[in-house]
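Q: Here you go, sequence then predicted model.
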Amino acid sequence: MLSYFGREGRIMSVTRHIFYTHQFNFSNTNTFYNPCNDMILLEKKSFMWLIFLSAMPLVTGFQKTSTNRSLPGFAVVELFTSEGCSSCPPADEAVKDIAGKYKLNVFVLGFHVDYWNYLGWKDPFSKPDYSERQKQYALIFSLNTIYTPQIIVNGKTEFVGSDKNKLEETVTRELKMVVGSPIQLYAKEERDNEIEVKYNTEKTQGDIINIALVQVQAENNISEGENEGKVLHHINAVRDFKIGELNGSGPVLLHFPAGLSKKDCKIIAFLQDKKTMRILSAASADIY
């Protein structure tokens, strides 16, 4: 179903390219690095902590600046989606395919928005924070609406999430970029369903760090709404997400949702320009 949420609050048919989308009008936005607003960071460190950082294993992730030790490019693929949107399942398939094709340096994150929950099915993965994040991108791209499914790659290219050709083209282009300066990332399960994430990267003025706990595989039987009767499959559904100013090393605390453990999840972290929202570097790590 193609839809647009008009000013009067009703659903109206529109056309966007040849792809099916759901669109939602918005007004009023808040600062990017303070996501807990009406719509919709970061213990005393010892000398041993410094030793730990220097010995921390290197994981995949790259900085924006080219250096003599050049490294392959990367692609952070943010999918804004909803289980309440009948246009979204093809986008889930598209990101699954691209992640399967590129095993390294492609970081998929599924942000489930909450603004379609009124259509009859409340998406259990949705959070208002993720809708707010999408609104911030809409400002950057000068969009009048937010819509699902939407994909944003490295914070600089947006398109309809079911457009597999555009996704392949964009990811391929980003992977050819020459970049440098890897991120170091380590995640450990603590008590009370907490995960402590430690990172090490160059502190860059104007940059922020985003750290996501993602559920690697998710499946849900939909009993109501536009996708009633379907079994939906997701990869890397974002279950907890923290944004903070860089302090050089962390740590950051995330939490497992009920019923999940470290075997179900991993950590994805990425640096982002606070003003332009372009993504500068990314890394992933298993949880120990």
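A: Ah, there it is. Numbering: from 1, shown residues only.
Q: Report the separation between residue 130 and residue 188.
A: To residue 188, residue 130 is 25 Å away according to CB to CB, to the nearest Å. C-beta coordinates here come from the backbone N, C-alpha and C atoms, glycine included.
Q: Give me the average confidence score over stretch 72-81.
A: Here stretch 72-81 scores 95 as its mean pLDDT.
Q: Show me what counts as buried in that stretch.
A: Buried residues in stretch 72-81, counted by 16 or more other CB atoms under 10 Å: 73-81.
Q: What helix or strand is residue 92 located in?
A: If you go by DSSP states H and E, residue 92 is part of helix 89-101.
Q: can you pull the buried residues of that helix?
A: Residues 89-92, 94-96, 98-99 are the ones in helix 89-101 that count as buried (16+ other CB under 10 Å).
Q: next SSE after that helix?
A: strand 106-112.
Q: Now do the buried residues in that next one.
A: Those would be 106-112, for strand 106-112 by 16+ other CB under 10 Å.
Q: From the contact counts, what lies against whichever helix or strand comes after it?
A: Sequence-wise, the next helix or strand downstream of strand 106-112 (DSSP H and E) is helix 128-140. Here helix 128-140 touches strand 106-112, strand 145-148, strand 231-245, going by 3 or more CB pairs under 8 Å, 6 or more residues apart in numbering; DSSP states H and E.
Q: hmm, 7 Å instead?
A: Packing partners of helix 128-140 (3 or more CB pairs under 7 Å, 6 or more residues apart in numbering; DSSP states H and E): strand 106-112, strand 145-148.
Q: For it, the averaged confidence score.
A: Helix 128-140 carries an average pLDDT of 98.
Q: Stretch 183-191 too?
A: For stretch 183-191, mean pLDDT is 92.
Q: any idea how far residue 235 is from residue 220?
A: From residue 220 to residue 235 the distance is 13 Å (CB to CB).
Q: in the sheet, who's paired with residue 109?
A: On the basis of DSSP bridges, residue 109 is bridged to residue 78.
Q: if we can go back for a sec, with neighbour numbers in mind, choose between residue 130 and residue 188.
A: When residue 130 is set against residue 188 and neighbours are counted by other CB atoms under 10 Å, the residue ahead is residue 130, at 25 against 14.
Q: how much space between the closest residue to that one other than its chain neighbours and residue 192?
A: Leaving out its chain neighbours, the residue that sits closest to residue 130 by CB to CB, 6 or more residues apart in numbering is residue 111, at 4.0 Å. Residue 111 is 25 Å from residue 192, where distance means CB to CB.
Q: Can you give me the pLDDT of residue 220?
A: At residue 220, the model reports a pLDDT of 96.
Q: angle of the host helix or strand of it against strand 106-112?
A: Take DSSP H and E as the rule and residue 220 turns out to sit in strand 207-221. In terms of direction (axes from the mean of the first three to the mean of the last three CA atoms, to 10 degrees), strand 207-221 departs from strand 106-112 by 70 degrees.
Q: where do the helices sit along the stretch 151-288 of the chain?
A: Taking DSSP state H, counting those that start in this stretch, the helices of the stretch 151-288 of the chain run over residues 164-175.
Q: Low-confidence stretches in it?
A: 180-181, 203, 247-248 (pLDDT under 70).
Q: Tell me, how many residues neighbour residue 142?
A: Using other CB under 10 Å, residue 142 has 6 neighbouring residues.
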